[in-house]
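Trainee: The following block contains a protein sequence and its predicted model.
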Amino acid sequence: MLDLPAQIAAHGYAAMHLCHFHVESRDSAWLKAFSAAMADAGVALSMLLIDDGDITHPEHHARDRTWIAGWIETAAMLGAQSARVIAGKQPPSSDSLALSAASLGSLAREGKAQGVRIVTENWFDLTPGPDEIDYLLDEVGSDLGLLADFGNWKGADKYRGLERILARAGDTHAKADFSAVGMDENDYRQCLAACTASGYRGPFTLIYDGPSDAEWDGLALERTFIEKHMA
């Protein structure tokens with residue numbers, strides 16, 4: 001992991017997202033070493049992705065909220081600009097949405113005090129469409145940001161839904177759909193068209209989630225496609 005920032009820079013990238021489970025140790029010595037490796041490489045940690053926890057769990061929401069708060073502290077120690085928190089894994093209801101908004105609001109305030117912007121994502125059961133995203137953003141207010149992931153919604157309404165939330169998003173997971181025959185260019189093109197139609201002006205954070213281990217090649221394909229599309 002300590003070699004990763006230099007590899008990121010060598011492939012022409014200046015910022016990265018990091019999943020919480022990639023943090024090899026939360027010991028201050030390791031966190032300082034990783035921060036130093038990023039500084040040496042000229043790579044910024046734009047977001048720590050907290051990829052677990054359910055702040056809407058009927059029994060364990062308080063426990064999970066405390067666990068997430070601890071990772072926000074780690075994000076601050078790493079110098080992360082933001083941290084992504086899962087809105088919830090329960091089906092959307094008035095109670096689960098209200099519980100999520102309350103927890104996201106308090107976590108956002110705690111993150112802000114530490115210099116870490118808290119964002120959520122269109123991911124898992126609580127946010128199956130733009131209505132739920134809009135509710136959370138409206139309820140919490142400007143302290144909460146949004147990451148829009150191209151690959152987390154399916155179906156006929158996917159692109160209309162993405163266009164709605166991209167208008168409020170500050171970052172993306174620009175994830176193409178890869179199969180054994182290659183990248184689904186039509187799907188990727190429509191996702192990018194939704195970005196343009198929404199007026200989105202944030203970064204395209206590339207995610208490769210394909211059938212092979214050729215991650216650098218997959219990221220390069222996405223990057224080239226986006227550059228050509230936007231040109």
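Mentor: Arrived safely.
Trainee: Please, which helix or strand holds Leu147?
Mentor: For Leu147, the host element (DSSP states H and E) is strand 144-149.
Trainee: What's the first helix or strand after that strand?
Mentor: helix 158-166.
Trainee: For that following helix, what is the distance to the chain centroid?
Mentor: 16 Å (CA atoms, centre = their mean, to the nearest Å).
Trainee: quick check: domain ranges of the chain?
Mentor: 1-147, 150-231 (automatic domain parsing).
Trainee: what's the most buried one of those?
Mentor: Ranked by mean neighbour count, the domains of the chain are led by domain 1-147 with a mean of 18 (mean count of other CB atoms under 10 Å). No exception for glycine: its C-beta is placed from N, CA and C like everyone else's.
Trainee: Kindly check the end-to-end length of that domain for me.
Mentor: 24 Å (CA to CA, to the nearest Å).
Trainee: The biggest helix by length in the chain relative to strand 144-149, how many degrees between them?
Mentor: Of all segments of type helix in the chain, defined using DSSP state H, the longest is helix 94-113. Angular relation of helix 94-113 and strand 144-149 on a 0 to 180 degree scale: 110 degrees, by axes from the mean of the first three to the mean of the last three CA atoms, to 10 degrees.
Trainee: any idea of the angle whichever helix or strand comes after helix 94-113 forms with helix 94-113?
Mentor: Moving toward the C-terminus from helix 94-113, the next helix or strand (DSSP H and E) is strand 117-121. Per the same axes, to 10 degrees, the angle that strand 117-121 makes with helix 94-113 is 150 degrees.
Trainee: so how far is strand 117-121 from its chain's centroid?
Mentor: The answer for strand 117-121 is 7 Å, by CA atoms, centre = their mean.
Trainee: Equivalent analysis for stretch 42-55, please.
Mentor: 7 Å.
Trainee: for stretch 177-194, same thing?
Mentor: Using CA atoms, centre = their mean, the offset of stretch 177-194 from its chain centre is 19 Å.
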